[in-house]
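S.K.: Build me a model from this:
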Amino acid sequence: MDETQLRSVAAKLASLDSLEEQRSSVLGKLQKLGVLSESLKAQVQQAETLQKLEDLYLPHRPKRATKASSARDKGLEPLADIILRGGREQLGGPALQLRDAARKFVRQPEVPSIDDALAGAQDIIAERAAELPAAREKARGDLQQYGVLVSRLTPAAKQAKQGEGKGGKAGKSSDSRKGGKAAAKAGGSKAGAPAQAEAGTYALYHEFSCPVRNLRPHQVLALNRGEAQCVLSVSLQWRQQPVEALCLRLLLEQDGGGQSPAYIKTVQEAVESGVKRLLKPAMEREARSQLTEVAAQHAVQTFARNLHNLLLQPPMPGLMVLGVDPAFRTGCKLAVCDPTGKVLATGVVYPHDPAPKAQQQQAASQLADIVRKYRVQAVAIGNGTASGETQRFVADALAAAGLSTQAGWCVVSEAGASVYSASELATKELPGLDVSLRGAVSIARRLQDPLSELVKVPPESLGVGAYQHDLKAATLAAQLGVVVESAVNAVGVDLNAASPALLSWVAGLSKATAAAIVAWRDAQGVFQGRQHLLEVKGLGPRTFQQCAGFLRVRGGATVLDCTAVHPESYAAAEALVQEACGAVGQQGPPQKKRRTMVDAATGAVPGARSSTVSSNKQLSAAMLQQARPALVTLLGRPFVTSAGGGGSAGAALKVGAPAAGPGSKQLPQQQQQQQQQQQQQRKGGGVAGGSGGGGGTWVTGESLGQLAARLGVGRPTLEDIVESLLAPDRDVRGQSGLAALQFKQALGIEDLAPGMVLSGVVRNVVDFGAFVDVNARQDGLLHINELRKAAQQQAQQAGQQPQQAQRGNQLDAHSLASVGDLVRVRVLTVDAKRGRIELGVV
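M.R.: Residues are numbered from 1 along each chain as shown. So this is what the prediction gives:
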């Protein structure tokens with residue numbers, strides 16, 4: 001099973017454990033109350049949900065003071081039983097007239113009259129009706145199937161809207177810019193202050209109704225937020241009559257014979273009261289709570305998918321980068337970082353108003369001098385305030401100095417950079433550097449290696465979610481932590497270059513262990529191999545076994561240290577390569593076992609795991625190259641050495657990144673890398689031939705499964721070893737890097753017009769579409785319908801049948817676009833007043 005399946009199993013196990021724990025608790029409580037009959041016990045043991053357990057326990061749960069409890073205290077519960085039996089004090093006994101039966105319970109001062117006695121008995125019957133498990137189950141089903149959620153402006157909000165008269169700021173969608181910056185502000189509004197809410201934020205919900213079964217998660221969260229801010233009044237509408245009829249039937253079934261109309265009417269009135277006062281509010285609260293829970297879970301999953309794609313954006317390794325944190329009044333902060341991320345220089349230039357003209361004129365020459373002095377190859381510009389103006393300034397400055405061919409420039413998301421700049425981690429990493437300059441360093445490093453830098457920022461600050469400020473912080477943090485850990489371990493970590501922040505996300509390592517690794521590195525020098533991890537204080541054999549496969553040592557004693565092959569499989573990998581190189585020859589007796597570093601560390605019996613080895617000779621890159629043809633044949637299926645980034649599931653239908661055009665260019669190094677990869681694949685070096693997924697044959701004539709058995713590893717493990725040996729330096733993120741977008745079309749939303757074709761980058765993906773940064777200081781919405789239309793057109797152009805092409809209409813937004821995608825879009829509509837841009841796919 002892969003990690004996703006394992007996590008699903010773990011989540012299901014936790015859910016079942018919780019159910020069993022609650023079942024035991026309910027049985028214990030019912031036993032203590034003395035109401036645990038055999039039939040009730042059987043129902044509790046057969047309950048399959050927490051909800052069902054709650055329903056079974058509810059009638060017996062100790063309650064706070066209610067009308068029914070007050071009536072019981074007055075001794076009226078026997079009267080309620082008589083009424084339900086049609087006036088019979090015992091089943092089968094004579095029936096009394098209703099008022100005659102009630103007269104027996106009149107006593108001063110608790111029950112002064114017959115009407116008071118009947119009212120108290122009805123309160124008890126009403127509570128019983130509201131607590132019937134079958135009735136509650138019926139209400140749940142009807143709410144889900146037939147319920148309608150309705151929202152209206154509250155009177156105070158309506159009055160505030162009318163009082164403004166001019167539409168206020170007519171705001172942005174609560175999740176439209178930077179994945180929800182406006183949402184963050186809205187999330188902090190105080191309840192009871194609707195006049196402060198932007199009038200346009202909830203415009204869609206001023207007169208809104210939708211069947212409960214059709215509600216989308218983002219609609220639920222938007223309604224909740226509007227209700228919390230006292231802008232919206234939200235209610236559920238559904239028919240209670242079927243539930244009332246069921247309650248009446250169940251209660252009257254307690255009578256062995258018929259009942260007079262007077263008794264039936266009394267019970268019916270009690271049932272109607274119980275459903276209206278007790279059952280209806282409880283079921284509506286429960287339904288709203290479940291809708292919120294599902295919507296919140298979906299929002300967390302959306303955030304997680306976007307975060308995964310953001311973290312797996314391809315890096316730009318080996319570049320000298322100038323990071324630029326743009327601003328108007330305080331100037332553009334600059335930071336030069338070498339290919340390892342080390343800060344070489346910092347500074348500030350003032351190219352924009354309100355800086356004096358002299359400073360603005362000097363800014364271009366200052367920028368050019370820095371680019372020349374440090375041989376800068378890429379300029380990374382943050383996408384915050386003054387980004388558009390700074391892009392034009394950088395482009396003009398480089399062109400005027402004749403440096404355009406030396407250095408390209410690109411736009412980098414600076415979401416969370418300010419959070420990192422003021423963090424304790426930034427203070428430790430960049431001591432003595434002013435807080436205002438740390439943001440420029442972060443921007444530069446994000447271009448070089450997004451994963452290594454973004455893990456230093458709290459995930460919720462990266463702006464790739466929706467309504468994250470309305471979610472439970474602990475739940476969000478836990479889920480996003482899983483995503484970060486998964487991304488880090490999928491990519492692998494350079495043991496000799498990683499920061500403590502990055503190392504702490506490696507499986508098996510804690511913050512303390514990560515700090516110990518860096519301390520060992522500072523004291524002893526670079527790690528020469530993975531085995532030296534065992535010398536780190538606090539890192540024992542079990543931790544080594546868990547983390548070693550995710551750590552890379554480049555230029556170490558063996559090439560295996562920079563692959564994804566775990567040390568416990570080194571012996572099998574060595575035997576594999578040496579056989580392929582002809583060191584062993586044809587199939588012979590099993591190779592001699594010896595203790596590996598993992599065996600020695602854990603005290604395992606030699607060969608208990610795969611510790612087969614042919615010799616002590618360590619592998620080299622030349623040996624891997626020599627073994628490549630045999631390894632390709634063994635894999636028996638296509639294998640591509642290059643890898644893409646996070647990407648979306650529906651790659652074939654995805655909007656995708658356009659070829660270099662007016663809105664984008666690639667750095668010379670990127671072009672060279674791509675050409676080399678294409679040439680390698682044309683020669684057949686990047687793709688393994690073979691007969692599908694069944695596997696090929698080995699030099700000994702063995703099949704993949706037979707060879708795995710002989711080497712003492714499982715077949716999936718052997719496949720992983722072969723793939724790692726075929727591409728020891730492969731990065732799952734790819735190596736092409738983020739194409740350098742050059743926005744020249746507009747600097748603000750006021751410059752946009754319908755029909756304009758722009759280049760953009762997807763910053764956030766939500767249920768209803770993707771938000772695209774087109775350099776207009778406001779992300780535009782590429783609606784899900786536009787994405788599906790583009791997918792359908794691409795499928796038709798690819799020659800698919802109409803039925804197959806139509807499948808694009810069922811794909812969700814995450815299958816069609818992902819964070820970081822480069823897109824060509826056409827402006828459909830612009831609403832500058834409300835700050836909204838609607839886009840279509842070119």
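S.K.: wait, what's in contact with the spatially most central residue of the chain?
M.R.: Residue closest to the mean C-alpha point of the chain, counted by CA atoms, centre = their mean, is Ala304 at 1.1 Å. Remark: with contacts taken as CB atoms under 8 Å, 6 or more residues apart in numbering, Ala304 is in contact with 479-480, 482-483. All C-beta spots, glycine's among them, are computed from the backbone N, C-alpha and C.
S.K.: remind me which residues of this structure are low pLDDT?
M.R.: Along the chain, segments meeting pLDDT under 70 span 1-2, 163-200, 254-258, 583-618, 636-697, 699-700, 735-747, 800-810.
S.K.: Check for me that Val827 belongs to a helix.
M.R.: No - secondary structure assignment (DSSP: H, G, I helix; E, B strand; the rest coil) places Val827 in strand, not in a helix.
S.K.: could you measure it against Gln468, distance?
M.R.: Val827 is 28 Å from Gln468, where distance means CB to CB, to the nearest Å.
S.K.: more crowded one of those two?
M.R.: Taking neighbours as other CB atoms under 10 Å, Val827 and Gln468 compare with Gln468 leading, 27 against 21.
S.K.: show me what contacts the closest residue to the more buried one other than its chain neighbours?
M.R.: In this structure, Gln468 finds its nearest non-sequential neighbour in Glu460, 5.2 Å apart by CB to CB, 6 or more residues apart in numbering. Listed by CB under 8 Å, 6+ apart, the contact partners of Glu460 are 303, 468-469, 473, 476-477, 480.
S.K.: What of His783?
M.R.: With contact taken as CB under 8 Å, 6+ apart, His783 is in contact with 768-769, 838-839.
S.K.: Repeat the analysis, applying 7 Å as the threshold.
M.R.: Listed by CB atoms under 7 Å, 6 or more residues apart in numbering, the contact set of His783 reads 768-769, 838.
S.K.: What are the phi and psi values at it?
M.R.: Dihedral pair for His783: phi -70, psi 150, per degrees, to the nearest 10.
S.K.: Next, the distance between the ends of stretch 66-81.
M.R.: Taking CA to CA, to the nearest Å as the measure, stretch 66-81 stretches 18 Å from start to finish.
S.K.: tell me the secondary structure for Leu839?
M.R.: Classification of Leu839 by three-state DSSP places it in strand.
S.K.: And for it, the neighbour number?
M.R.: Residues near Leu839, counting by other CB under 10 Å: 27.
S.K.: Mind putting the contacts of Ala304 into a markdown table with neighbour count and secondary structure?
M.R.: What follows is these, written out as a markdown table (neighbours: other CB atoms under 10 Å; DSSP: H, G, I helix; E, B strand; the rest coil):
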| residue | neighbour count | secondary structure |
| --- | --- | --- |
| Gln479 | 17 | helix |
| Leu480 | 21 | helix |
| Val482 | 14 | helix |
| Val483 | 21 | helix |
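S.K.: Just name the closest of those residues to Glu286, please.
M.R.: Of all the contacts of Ala304, the one sitting nearest Glu286 is Gln479; the distance, using CB to CB, is 24.1 Å.
S.K.: which non-adjacent residue is nearest the closest one?
M.R.: Val300 (4.8 Å).
S.K.: list the buried ones in the helix or strand hosting that neighbour?
M.R.: Assessed by DSSP states H and E, Val300 sits inside helix 280-311. Buried residues in helix 280-311, counting neighbours by 16 or more other CB atoms under 10 Å, are found at 280, 283-284, 286-288, 290-292, 295-296, 298-300, 302-311.
S.K.: Then stretch 86-101?
M.R.: Within stretch 86-101, the residues scored as buried using 16+ other CB under 10 Å are 86-88, 95-96, 98, 101.
S.K.: swap in stretch 347-367?
M.R.: 347-352, 355, 360, 363-364, 366-367.
S.K.: Centre of the chain to it, how far?
M.R.: Mean-position distance between stretch 347-367 and its chain equals 41 Å (CA atoms, centre = their mean, to the nearest Å).
S.K.: And for stretch 482-491?
M.R.: Centroid separation for stretch 482-491 versus its chain: 12 Å, with CA atoms, centre = their mean.
S.K.: Using CSV, write out every CA atom in that stretch.
M.R.: In CSV, the C-alpha atoms belonging to stretch 482-491 read as follows (Å, rounded to 0.1, in the frame of the first residue of the first chain):
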residue,chain,number,x,y,z
VAL,A,482,1.0,15.4,6.9
VAL,A,483,1.1,17.1,3.4
VAL,A,484,4.4,18.9,4.2
GLU,A,485,5.9,15.7,5.6
SER,A,486,4.8,13.7,2.5
ALA,A,487,6.2,16.3,0.1
VAL,A,488,9.5,16.5,1.9
ASN,A,489,10.0,12.8,2.0
ALA,A,490,8.9,12.3,-1.6
VAL,A,491,11.6,14.7,-2.8
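S.K.: Neighbouring strands - and their directions - for the helix or strand just after the helix holding Val300?
M.R.: On the C-terminal side of helix 280-311, the closest following helix or strand by DSSP H and E is strand 321-325. Using DSSP bridges, strand 321-325 pairs in its sheet with strand 332-337 (antiparallel), strand 378-382 (parallel).
S.K.: Looking at these, which is nearest to Gly701?
M.R.: Counting by CB to CB, Gly701 lies closest to strand 378-382 out of those; the figure is 51.1 Å.
S.K.: what comes into contact with the next helix-or-strand element following the closest one?
M.R.: Next in sequence after strand 378-382, counting helices and strands by DSSP H and E, comes helix 387-400. In this structure, residues lying in contact with helix 387-400 by CB under 7 Å, 6+ apart are 324, 326, 332, 351-352, 364, 367-368, 379, 381, 404, 407, 409, 411, 742-743, 747, 775.
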